[in-house]
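[1] Got a sequence here, can you model it:
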Amino acid sequence: MNNELNDLSTDPPADDLCIRCPRLGHQINFSYCNSENSGLPCFKTLDCWHYHFDVHAYLKDKLTEKDFTKVFLNKGKPKVFSLLDLIEQAKKRKGE
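    Numbering: from 1, shown residues only. Take a look at the predicted model:
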């Protein structure tokens with residue numbers, strides 16, 4: 001059985017290859033995805049680029065273990081908690 005992931009290069013594609021970004025809604029290249037998060041990759045980079053090259057191997061090699069974990073393995077707060085936090089901040093501002 002042929003494993004397609006083993007056939008993919010670990011070299012990122014040239015900047016002329018663009019794919020649709022599910023977050024932004026338009027075409028972007030890997031260079032943008034690789035640094036859009038304050039110099040770190042977007043948290044969706046693994047999902048978006050795995051068809052085009054071995055993005056997991058590339059990023060595991062390029063990022064520190066701490067940064068890889070920070071971007072791809074840490075789960076952020078659920079959206080409901082973020083919304084509740086924003087509501088509390090607005091209440092405090094209104095009370096001032």
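[2] Please count neighbours and contacts with C-alpha atoms only from this point.
    Will do.
[3] Contacts for the helix or strand harbouring L59, please.
    Assigned by DSSP states H and E, L59 belongs to helix 55-62. Here helix 55-62 makes contact (Cα atoms under 8 Å, 6 or more residues apart in numbering) with 10-12, 45-46, 49-50, 68.
[4] and with 7 Å instead?
    10-11, 46, 49, 68 (Cα atoms under 7 Å, 6 or more residues apart in numbering).
[5] what do you get for stretch 16-34?
    15, 40-42, 45.
[6] what's the farthest-apart pair in those?
    D15 and L40 (17.4 Å; Cα to Cα).
[7] how about the longest helix along the chain as PDB, C-alpha atoms only?
    When the chain is parsed with DSSP state H, its longest helix is helix 79-95. Extracted in PDB, the C-alpha atoms of helix 79-95 (Å, rounded to 0.1, in the frame of the first residue of the first chain):
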ATOM      1  CA  LYS A  79     -15.400  30.500  22.900                       C
ATOM      2  CA  VAL A  80     -18.100  30.700  25.500                       C
ATOM      3  CA  PHE A  81     -15.500  31.600  28.200                       C
ATOM      4  CA  SER A  82     -14.000  34.200  26.000                       C
ATOM      5  CA  LEU A  83     -17.400  35.700  25.400                       C
ATOM      6  CA  LEU A  84     -18.200  35.700  29.100                       C
ATOM      7  CA  ASP A  85     -14.900  37.400  29.800                       C
ATOM      8  CA  LEU A  86     -15.700  40.100  27.300                       C
ATOM      9  CA  ILE A  87     -19.100  40.600  28.800                       C
ATOM     10  CA  GLU A  88     -17.600  41.000  32.300                       C
ATOM     11  CA  GLN A  89     -15.000  43.600  30.900                       C
ATOM     12  CA  ALA A  90     -17.800  45.600  29.300                       C
ATOM     13  CA  LYS A  91     -19.800  45.500  32.500                       C
ATOM     14  CA  LYS A  92     -16.800  46.900  34.500                       C
ATOM     15  CA  ARG A  93     -16.300  49.600  31.900                       C
ATOM     16  CA  LYS A  94     -19.900  50.600  32.000                       C
ATOM     17  CA  GLY A  95     -19.800  50.800  35.800                       C
END
